[in-house]
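>>> Here is a sequence together with a model predicted from it:
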Amino acid sequence: MTGEAVVLGLRAAKVPSRALAIALDLAVETVALMVTGTVVLAAQPALDEAAAAAVVLGLSVFFLLGLPVLVETLSHGRSLGKLALGLRVVRTDGGPVRFRHTLVRGLVAVLEIQMTLGAVAVISSLVSPQGRRLGDVFAGTLVVRERLPQAARAQSAVPQTPPALLHAIGEQLVALDFSAVPDGLWLAVRQFLGRLGQLDPAVAAGMAERLAADFAGRTGRAVPYGVHPAAYLSAVLTERHRRAWERAGEAARRQQAFAPAPPAPAPAPPAPGAQQAPYSPHPQPVPPTPPTPQVPQAPQAPSTGFAPPA
């Protein structure tokens, strides 16, 4: 649980799995150090004892401190040993680790693991309820199990609810009053359902029961018998979204009904150079157009068929 009272549901790694991961990492780092040191010293046979000691010290710092910090930073908390055992280093709030977290863990690991052969790390992990060593305490980190067994995955699925029972739940949810449910509870339900597949089965079942009981206390209606709490919370959240969509649609229709009518289009401007008649409150009668006089046409002579010579 974080300082904001948010239950993360992360499964902390046990001491044996962490010790095995550290042993695998140290074995790989030691072999890489020995091979690299041998190659470098063989390539430079003219080095004196002081220069050779400086080379060995620099390689030791790189492989035992710099390389683990670099690998955990780039892989977001998964070294070779942790990757093989399904472990991962995360922050206490569940977020990925950064360079400062891995650097603090690496510096403290030199004292509590390498210089004391892991005795201090084992004691601090056994004393801590979450199995955190001193490096985790100073860096604000936690080693969790990222890969669950197959049996735990099979149990983490929410049991299927019969369709008839779901229909009955829907009829009950329509009549529920959500006004007493605070926004914090809705946020907790949404976050829980979003991370349901990533939680430990026991943790997920306990969180679902607590959230469903809290919701039932706010609405005054208990969870129906035979319905899984997680399925009931999913149905409740769906009903809330349906009501929100209905309110949004009703507000849009009401706004459209009371919207002002669009203004009439402005008259076209007169053509350039045209004179506009002065405005008069009384319309002037339009004089009638005089008829066009008909011009009489002369009668045409009958055709005789004679054509004058050209």
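Perfect, I can see it now. Numbers count the residues shown, from 1 in each chain.
>>> can we go C-alpha only for contacts and neighbour counts from here?
Will do.
>>> Contacts only, for Asp136.
105, 142 (C-alpha atoms under 8 Å, 6 or more residues apart in numbering).
>>> That one should be in a strand, yeah?
No. Asp136 is assigned helix when assessed by DSSP: H, G, I helix; E, B strand; the rest coil, not a strand.
>>> Quickly note the distance from Val137 to Ile22.
According to C-alpha to C-alpha, to the nearest Å, Val137 and Ile22 sit 17 Å apart.
>>> And for Lys82?
8 Å.
>>> In stretch 118-135, which residues are buried?
118, 120-125, 130-135 (16 or more other C-alpha atoms under 10 Å).
>>> now stretch 210-217
211-212, 215.
>>> per the record, what domains does the chain have?
15-147, 163-253 (automatic domain parsing).
>>> Which of these comes out lowest on mean pLDDT?
Among the domains of the chain, domain 163-253 carries the lowest mean pLDDT, at a mean of 78.
>>> on that earlier part again, okay, the domains of the chain, which one's buried deepest?
domain 15-147 (a mean of 17; mean count of other C-alpha atoms under 10 Å).
>>> From the chain's centroid, how far away is that domain?
31 Å (C-alpha atoms, centre = their mean, to the nearest Å).
>>> ok, which stretches of the chain are strands?
Secondary structure of the chain (DSSP state E): strands at 87-91, 141-145.
>>> just the helices in the stretch 51-200 of the chain please.
For the stretch 51-200 of the chain, the helices defined by DSSP state H, counting those that start in this stretch cover 67-74, 80-85, 99-109, 119-127, 134-139, 150-156, 163-174, 183-194.
>>> so which of those helices comes closest to Gly226?
Across these, Gly226 has its closest neighbour in helix 163-174 (8.4 Å, C-alpha to C-alpha).
>>> circling back to that earlier point, using a markdown table, please lay out the strands of the chain together with distance to Val15.
Below are these laid out as a markdown table (distance: least, C-alpha to C-alpha, whole Å):
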| stretch | distance to Val15 |
| --- | --- |
| strand 87-91 | 12 |
| strand 141-145 | 10 |
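>>> Between those, which one is closest to Ser179.
strand 87-91 (36.0 Å).
>>> dump the residue contacts of Leu26.
Leu64.
>>> Relative to Leu193, which of the strands of the chain is closest?
Within these, the stretch nearest Leu193 is strand 141-145; the backing value is 20.3 Å (C-alpha to C-alpha).
>>> Check which helices and strands that closest one sits against.
Packed against strand 141-145 by the contact rule (3 or more C-alpha pairs under 8 Å, 6 or more residues apart in numbering; DSSP states H and E) you find strand 87-91.
>>> Give me the subset of the buried residues of stretch 210-217 lying in helices.
Secondary structure from DSSP state H places 211-212, 215 of the buried residues of stretch 210-217 in helices.
>>> just the residues you listed now: which is nearest Tyr232?
Distances from Tyr232 to those, taken by C-alpha to C-alpha, are shortest for Ala212, at 7.5 Å.
>>> how about the nearest residue to that closest one, chain neighbours excluded?
Pro229 (5.8 Å; C-alpha to C-alpha, 6 or more residues apart in numbering).
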